[in-house]
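Student: Sequence and predicted structure, then a few things I'm wondering about:
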Amino acid sequence: MRLEKCWFCSSTVYPGHGIQFVRNDAKIFRFCRSKCHKNFKMKRNPRKVKWTKAYRRVHGKDMTQHYYIYMLFQDSTFEFERKRNRPERYDRNLAESVLKAIPKIDKIRVSREEAHHKNRMKGKKQKLQMEAVRELKQGISLVKAPSVLQKDPSLTLPKVKVGVSRQQSEDNHPMEE
Amino acid sequence: MATRLQFENCCEVGVFSKLTNAYCLVAIGGSENFYSSFEAELADVIPVIKTSISGIRTVGRLCVGNKNGLLLPHTTTDQELQHLRNSLPDQVLVQRIDERLTALGNCIACNDHVALTHIDLDKETEDMIADVLKVEVFRQTIASNIIVGSYCTFSNRGGLVHPHTSIEELEELSTLLDVPLVAGTVNRGSELLAAGMTVNDWIAFCGSDTTATELSVIESIFKLREVQPGVTMHEMRKSLFDSFL
């Protein structure tokens, strides 16, 4: 049993799921669900379909596996999952150390992915701030009349004083007795 | 010395087993008869390994190997690959190759020095064969059949080819492979020699349908017959007389 990757979206195909298509040139295509299979039949290129891992890797949204010339990010944690064609003799110590290492590698990969995402989202806060300032400048006339703006040119919402009536109640005299 | 046997009532012994000078792969059958026949002859000499390849029992036709290595199709599961690696001696290199033609036993016929391959085999596969099995690779047809792995079988000492091979082709192949060849059949006239029998340098296994004539041809061409002193003297005497004359 081997957990394969879906050809279209690159998610893992677990046993009992999906469809395998074998083309006439003996190339095998594995799909995780009918969504991917139907997209394949429509001859869509996964590198152009936004929700696939292939698109995200090509467009730099996610950490890449391979060394791209224009994308200088290479990650070695993916090297561990590569399919190997020349096996080694079973060694109990090696197997033990590999099993211990697997969760560590996962942790490292996840933290690298988070760092990549954080790096990508850097400067988002400033960008949002600038956009908010611009919007306020443009649309201040919707909340503050131009005449008031001339008197008080700050871009804050105007302070309006609302009088609250306080009724002196005359009904509580029995208490004072 | 040739032995006759059956795999679950089927005479195609070469389909369900792979015999080389360094190891023997045997299919997993319901009863242990097939495995015990091999074990009886070979147990002390070479490892006899029960296996399947990608869950299929026709191991003889799916893989190819000699004493230097073993090549497996890409459909082989990781567990089978690991099992073979653990069971085989360290000098034997186990390699899984990505090749469109997955029935490697049908496409490639080899001994320890030379290999004949299917014409449509990939270039990378050819390089891999030369690298892993340490053989010289020739792309050939046999009697205009491209699946050379089925229609001929040869060891380091002799070879058997398809019965309809012409004499010129026989001589050409013989010079290419450096072994004496003869055209013959197995299992009462079956042309699929590699499927019907399996052979290495000192022993051969044939289907139980093989006639005595076919068996004697096999024993003579693969030089399996035990040499008796009387026979050698007789042969030597004939050659001595020839040289005098």
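Tutor: Cool, got the structure.
Student: Quickly list the domain ranges of chain A.
Tutor: As assigned by the TED database, chain A contains the domains A:1-62, A:90-139.
Student: from those domains, which stretch is densest packed?
Tutor: For these, the largest average neighbour count (mean count of other C-beta atoms under 10 Å in any protein chain shown) is found in domain A:1-62, namely a mean of 14. C-betas here are computed from N, CA, C, even on glycine.
Student: residues from chain A in reach of chain B?
Tutor: A:1, A:2, A:25, A:26, A:85, A:86, A:87, A:88, A:89, A:90 (C-beta under 8 Å from any C-beta of the partner chain).
Student: Repeat the analysis, applying 6 Å as the threshold.
Tutor: A:2, A:26, A:85, A:86, A:87, A:89, A:90 (C-beta under 6 Å from any C-beta of the partner chain).
Student: sorry, back to before: for the domains of chain A, give me TSV that also has mean pLDDT.
Tutor: Shown next, in TSV, are the domains of chain A (pLDDT from 0 to 100):
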stretch	mean pLDDT
domain A:1-62	95
domain A:90-139	92
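Student: For chain B, just list every one of the helices.
Tutor: B:13-16, B:33-42, B:59-62, B:78-87, B:104-107, B:123-132, B:148-151, B:167-177, B:193-196, B:212-221, B:229-244 (DSSP state H).
Student: Point out the one among these that comes closest to chain A.
Tutor: helix B:78-87 (4.2 Å; C-beta to the nearest C-beta).
Student: Can I get the closest one as CSV, trimmed to CA atoms?
Tutor: Provided in CSV are the C-alpha atoms of helix B:78-87 (Å, rounded to 0.1, in the frame of the first residue of the first chain):
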residue,chain,number,x,y,z
ASP,B,78,7.6,-1.1,-1.8
GLN,B,79,7.1,-4.0,0.5
GLU,B,80,8.0,-6.5,-2.2
LEU,B,81,11.1,-4.5,-3.0
GLN,B,82,12.2,-4.5,0.6
HIS,B,83,11.5,-8.2,0.9
LEU,B,84,13.7,-9.0,-2.1
ARG,B,85,16.4,-6.7,-0.9
ASN,B,86,16.4,-8.4,2.5
SER,B,87,16.4,-11.9,1.1
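Student: Now do it, average pLDDT.
Tutor: Confidence over helix B:78-87 (mean pLDDT, whole number) is 95.
Student: What's the biggest helix in chain A, counting residues?
Tutor: helix A:92-120.
Student: and the next element down the chain from that helix?
Tutor: Remark: after helix A:92-120, the chain's next helix or strand is helix A:124-139, criterion DSSP states H and E.
Student: what does that next one contact?
Tutor: residue A:155 (C-beta atoms under 6 Å, 6 or more residues apart in numbering or on different chains).
Student: how far does it sit from the chain's center?
Tutor: Offset of helix A:124-139 from its chain centre (C-alpha atoms, centre = their mean, to the nearest Å): 23 Å.
Student: Could I get the CA-only coordinates of it as PDB?
Tutor: C-alpha atoms of helix A:124-139 as PDB (Å, rounded to 0.1, in the frame of the first residue of the first chain):
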ATOM      1  CA  LYS A 124       0.200  43.800   4.300                       C
ATOM      2  CA  LYS A 125      -0.600  45.800   7.400                       C
ATOM      3  CA  GLN A 126       1.000  49.000   6.000                       C
ATOM      4  CA  LYS A 127      -0.800  48.500   2.700                       C
ATOM      5  CA  LEU A 128      -4.100  48.200   4.400                       C
ATOM      6  CA  GLN A 129      -3.400  51.300   6.500                       C
ATOM      7  CA  MET A 130      -2.500  53.300   3.500                       C
ATOM      8  CA  GLU A 131      -5.600  52.300   1.700                       C
ATOM      9  CA  ALA A 132      -7.700  53.200   4.700                       C
ATOM     10  CA  VAL A 133      -6.100  56.600   4.900                       C
ATOM     11  CA  ARG A 134      -6.700  57.200   1.200                       C
ATOM     12  CA  GLU A 135     -10.400  56.100   1.500                       C
ATOM     13  CA  LEU A 136     -10.900  58.500   4.400                       C
ATOM     14  CA  LYS A 137      -9.400  61.400   2.500                       C
ATOM     15  CA  GLN A 138     -11.500  60.800  -0.500                       C
ATOM     16  CA  GLY A 139     -14.800  60.000   1.200                       C
END
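Student: hang on, isn't residue B:221 packed against residue B:157?
Tutor: No: counting by C-beta atoms under 6 Å, residue B:221 does not reach residue B:157; the two are 8.4 Å apart.
Student: Between those two, tell me which one has more neighbours.
Tutor: Shown here are residue B:221 and residue B:157; by other C-beta atoms under 10 Å in any protein chain shown, residue B:221 has more neighbours (22 against 16).
Student: Kindly list the main-chain dihedrals of the nearest residue to that one once chain neighbours are set aside?
Tutor: Once flanking residues are discounted, residue B:221 sits nearest to residue B:158: 4.2 Å by C-beta to C-beta, 6 or more residues apart in numbering or on different chains. Main-chain torsions, residue B:158, degrees, to the nearest 10: phi -170, psi 170.
Student: OK, contacts around residue B:158?
Tutor: B:179, B:180, B:221, B:222, B:223.
Student: Please list only the buried members of those.
Tutor: Neighbour-count burial (16 or more other C-beta atoms under 10 Å in any protein chain shown) applied to the contacts of residue B:158 gives B:179, B:221, B:222.
Student: what pairs with residue B:198 across the strands?
Tutor: Beta bridges link residue B:198 to residue B:205, judged by DSSP bridges.
Student: That one against residue B:15, yeah?
Tutor: No: with contact defined as C-beta under 6 Å, residue B:198 does not count as touching residue B:15 (9.1 Å).
Student: Common neighbours of these two, please.
Tutor: Counting by C-beta under 6 Å, 6+ apart, nothing touches both residue B:198 and residue B:15.
Student: what stretches of chain B score poorly on pLDDT?
Tutor: Residues of chain B that meet the criterion pLDDT under 70 lie in B:226-245.
Student: again, only this time at 50
Tutor: Within chain B, the segments meeting pLDDT under 50 span B:242-245.
Student: Up against chain A, what does it have?
Tutor: So chain B meets chain A at B:78, B:81, B:82, B:85, B:86, B:95, B:96, B:100 (C-beta under 6 Å from any C-beta).
Student: Please tell me which one of those counts the most neighbours.
Tutor: residue B:96 (23 neighbours).
Student: how much space is there between residue A:5 and chain B?
Tutor: According to C-beta to the nearest C-beta, to the nearest Å, residue A:5 stands 15 Å off from chain B.
Student: Torsion angles phi and psi at that residue?
Tutor: phi -100, psi 140.
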